[in-house]
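Trainee: What follows is a predicted protein model with its sequence.
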Amino acid sequence: MREELSQATETDRLGLGDLRIKQHPAIFKFTVDPILLAGFARIRSRASVLDLGTGAGVIPLWLTGYRGVDRVTGLEIQPEVADLARENVKLNGLEERIRILTGDLRTPPPALAAGSFDWVLSNPPYWPAATHLLPEAPALAQAKFELTCTLRDVVAAAAYFCRDGGRVGLIHLPERLTDLLSELRHNKLEPKRLCLVQPKPGAPPHRVLVEAQKLARPGLKVLAPFSIQGADGNFTPEMVRVYQGKPLGAGEREGMGLM
C-alpha cells in the first residue's frame, strides 16, 4: 500500500499562499471542510493544538503556515496516511512546529497526555457505516465513515485531551447537530459559538462549525451563516479571505475568547 501511494501521489497547492500538499485519491483528496474549521478556530500563536484524525495534515499545515500557530500535533490512525502527513510537513519546512503521531484516539499513544492542549480540533467521519455504500478504498472509507471511531468517541477524546478552560472545534453535518451538541455537553464541553455553512446564499446549510469550551458556563453565540459561493457561482469575498489563510468570521470582535 505504501509503495502504491508513493507512486501515485500528486502535489497540489494548499490555499492561495505558499503551502503545498501531497495527496493520493485512495486516501481522500482534501476538501474545503478542514480549511473552514482551521479558519473558524480562534487560536493564538502560542496555543498548543491537537488535530484528531489529521489525515494528510491539512489543519496542522494551515494553522502553522497561514495562521502563525507555533505548536500543532496531528493524530492519525492509518500508518500510511500519517506517513503522507509527515511528508507534507517536511515538504513545507514545518518540522519544528508540527508533530504527526500514528495512533488511535480511543487508545492514544503515551506521547499524548490528558488535559495537555489549549485547543483540540477534528474534522471527523460524518456518517455511520450502515447509512451509505462504502468506498472500495479502505483509507477513503475510514475517512468518511465511522468505521474506527464514532462521533461519541471523537468528542470524548477531545474532552480528554483539552485542558480545563480550553477549547474544542469541530465541523460536521447539520443533520447531526443535535447529536454533536448533546455529546459536547455530556463531556462537559459547553458550546459557545456556532456557524452554519451553506454552498451559496439561500441554499440549505450543508456543514456546521461548533466551538465549545471545557467546564464553561452556558451561553451560545450563533454567527451569521457563511456562504462559500455567491449567487454568481464564484467564491464569496469571505471565502477568498479564508483561502488566503485569514480567519473565518473576521468581523467578530478581535481577541474575544482567544487562547
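Mentor: That came in fine, so what should we check first?
Trainee: who's in contact with stretch 221-235?
Mentor: 32, 36, 192-202, 205, 209, 236, 238-239, 243, 248-249, 252 (CB atoms under 8 Å, 6 or more residues apart in numbering). Just so you know, the C-beta spots here come from the backbone N, C-alpha and C atoms, and that holds for glycine as well.
Trainee: List buried residues within those residues.
Mentor: 32, 36, 192-198, 205, 209, 236, 238-239, 243, 248-249 (16 or more other CB atoms under 10 Å).
Trainee: Now do the helices in the protein.
Mentor: Secondary structure of the chain (DSSP state H): helices at 2-8, 33-40, 58-65, 79-91, 138-144, 151-161, 177-186, 237-243.
Trainee: which one of these is the most hemmed in?
Mentor: Of the helices of the chain, the one with the most neighbours on average (mean count of other CB atoms under 10 Å) is helix 58-65, at a mean of 27.
Trainee: From the chain's centroid, how far away is it?
Mentor: Mean-position distance between helix 58-65 and its chain equals 10 Å (CA atoms, centre = their mean, to the nearest Å).
Trainee: Stretch 64-81 now?
Mentor: 10 Å.
Trainee: First-to-last residue distance for it?
Mentor: End-to-end span of stretch 64-81 (CA to CA, to the nearest Å): 20 Å.
Trainee: How much space separates the residue at the greatest distance from the centre of the chain from Leu52?
Mentor: Using CA atoms, centre = their mean, the residue of the chain lying farthest from its centre is Asp232. It sits 28.1 Å away. Distance, Asp232 to Leu52, by CB to CB, to the nearest Å: 37 Å.
Trainee: what does Ala38 give?
Mentor: Taken as CB to CB, the span from Ala38 to Leu52 is 14 Å.
Trainee: how much space between the residue nearest to Lys29 when sequence neighbours are not counted and Gly57?
Mentor: In space, Lys29 comes closest to Gln23 once its chain neighbours are excluded; the distance is 5.0 Å by CB to CB, 6 or more residues apart in numbering. As judged by CB to CB, Gln23 and Gly57 stand 10 Å apart.
Trainee: Over to Gly65?
Mentor: Applying CB to CB, the value for Gly65 to Gly57 is 10 Å.
Trainee: tell me, what's touching Gln23 and Gly57 both at once?
Mentor: By CB under 8 Å, 6+ apart, the residues touching both Gln23 and Gly57 are Leu84.
Trainee: more neighbours, those two?
Mentor: A count of neighbours by other CB atoms under 10 Å puts Gly57 above the other of Gln23 and Gly57, at 31 against 21.
Trainee: what are the bridge partners for the residue nearest to Lys29, then?
Mentor: When assigned by DSSP bridges, Gln23 has beta-bridge partners Glu10.
Trainee: residues contacting it?
Mentor: 9-12, 29-30, 56, 84.
Trainee: Closest one of these to Asp164?
Mentor: The nearest member of these to Asp164, counting by CB to CB, is Ala56 at 31.5 Å.
Trainee: measure the closest one to Tyr160 for me?
Mentor: Taking CB to CB, one finds Ala56 at 24 Å from Tyr160.
Trainee: mind listing the strands for this structure?
Mentor: 10-13, 20-23, 48-52, 71-76, 98-102, 117-122, 162-172, 189-198, 207-214, 221-222, 226-227 (DSSP state E).
Trainee: Quick check: which of these is nearest to Ala111?
Mentor: strand 98-102 (5.9 Å).
Trainee: Buried ones among the contacts of Gln23?
Mentor: 9, 30, 56, 84.
Trainee: isn't the last one right up against Lys29?
Mentor: Translated: Leu84. No. Assessed by CB atoms under 8 Å, Leu84 is found out of contact with Lys29, at 11.6 Å.
Trainee: Residue ranges in the protein under the pLDDT threshold?
Mentor: For the chain, the stretches with pLDDT under 70 are 1-8, 28, 130-143, 145-147, 250-259.
Trainee: Quick check: beta-bridge partners of Leu189?
Mentor: Under the criterion used (DSSP bridges), Leu189 bridges to Lys214.
Trainee: I'd assumed Val155 was in contact with it.
Mentor: Yes. If you go by CB under 8 Å, Leu189 and Val155 touch, sitting 6.9 Å apart.
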